[in-house]
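Enquirer: From the sequence below, what's the structure:
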Amino acid sequence: MSASPLLPPDYRPSEDEPFMNPMQREYFRQKLLRWRQEILVEAGQTLDHLSQENLQQPDMADRASLETEHAIELRTRDRERKLLAKIDAALERIDDDSYGYCEETGEPISLRRLEARPIATLSLEAQERHERMERTHRDD
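Expert: Residues are numbered from 1 along each chain as shown. Now for the predicted structure:
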């Protein structure tokens with residue numbers, strides 16, 4: 001994936017510029033697209049790997065080990081499939097200009113949080129509140 005003509009190669013979003021200006025949106029779009037591409041490449045490699053391995057191992061321990069390996073790979077791919085949906089949703093939010101704003105409060109999500117978790121939909125404070133509520137209800 002080539003760099004965007006909009007962005008200088010060393011661009012990093014900064015608190016000194018307007019929040020979610022066109023350069024920041026493009027920066028996060030490119031970051032999400034790269035992440036998406038990496039997941040798709042890994043998924044393709046998993047498919048190749050699974051289709052090439054033979055489960056007809058004569059040794060039961062080898063076969064059990066291989067089946068466990070396959071199950072773990074498939075669980076990982078399932079998590080990544082869900083992650084792809086979140087990446088696609090984030091890309092849609094970039095397109096409709098709602099990206100970077102907390103779904104709960106409407107406040108901007110910090111650039112540091114978006115840098116670490118570009119699919120974030122809640123500000124750190126809202127996420128912590130949400131997790132506290134989950135723990136409270138889970139303990140009931």
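
Enquirer: The residue most central in space within the chain: which element?
Expert: Geometric centre of the chain, nearest residue: Leu83, 4.9 Å, by C-alpha atoms, centre = their mean. Secondary structure assignment for Leu83, by DSSP states H and E: helix 60-95.

Enquirer: moving C-terminal of that helix, what's the next helix or strand?
Expert: Next in line after helix 60-95, if elements are assigned by DSSP H and E, sits helix 111-116.

Enquirer: buried ones in that next one?
Expert: 111, 113-114 (16 or more other C-beta atoms under 10 Å). All C-beta atoms are positioned from the backbone trio N, CA, C, and that covers glycine.

Enquirer: Show me what counts as buried in the helix holding Leu83.
Expert: So for helix 60-95, counting by 16+ other C-beta under 10 Å, buried means 66, 73, 77, 80, 87, 90-91, 93-94.

Enquirer: mind showing which ranges of the protein have poor pLDDT?
Expert: Along the chain, the parts satisfying pLDDT under 70 run over 1-5, 47-57, 139-140.

Enquirer: tell me the domain boundaries of it?
Expert: 18-99, 101-140 (automatic domain parsing).

Enquirer: Turn the ones you listed into CSV, columns for distance to Asp10.
Expert: Formatted as CSV, the domains of the chain follow (distance: least, C-beta to C-beta, whole Å):
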stretch, distance to Asp10
domain 18-99, 11
domain 101-140, 15
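
Enquirer: Indicate which one of the ones you listed is closest to Tyr11.
Expert: Of all the domains of the chain, it is domain 18-99 that lies closest to Tyr11, at 6.0 Å by C-beta to C-beta.

Enquirer: Start and end of the closest one, how far apart?
Expert: Length of domain 18-99, first residue to last, C-alpha to C-alpha, to the nearest Å: 14 Å.

Enquirer: What of stretch 114-130?
Expert: 18 Å.

Enquirer: hmm, back to that, what packs against the helix holding Leu83?
Expert: helix 22-52 (3 or more C-beta pairs under 8 Å, 6 or more residues apart in numbering; DSSP states H and E).

Enquirer: what helices or strands is the helix it packs on leaning on?
Expert: So helix 22-52, by 3+ C-beta pairs under 8 Å, 6+ apart, packs with helix 60-95.
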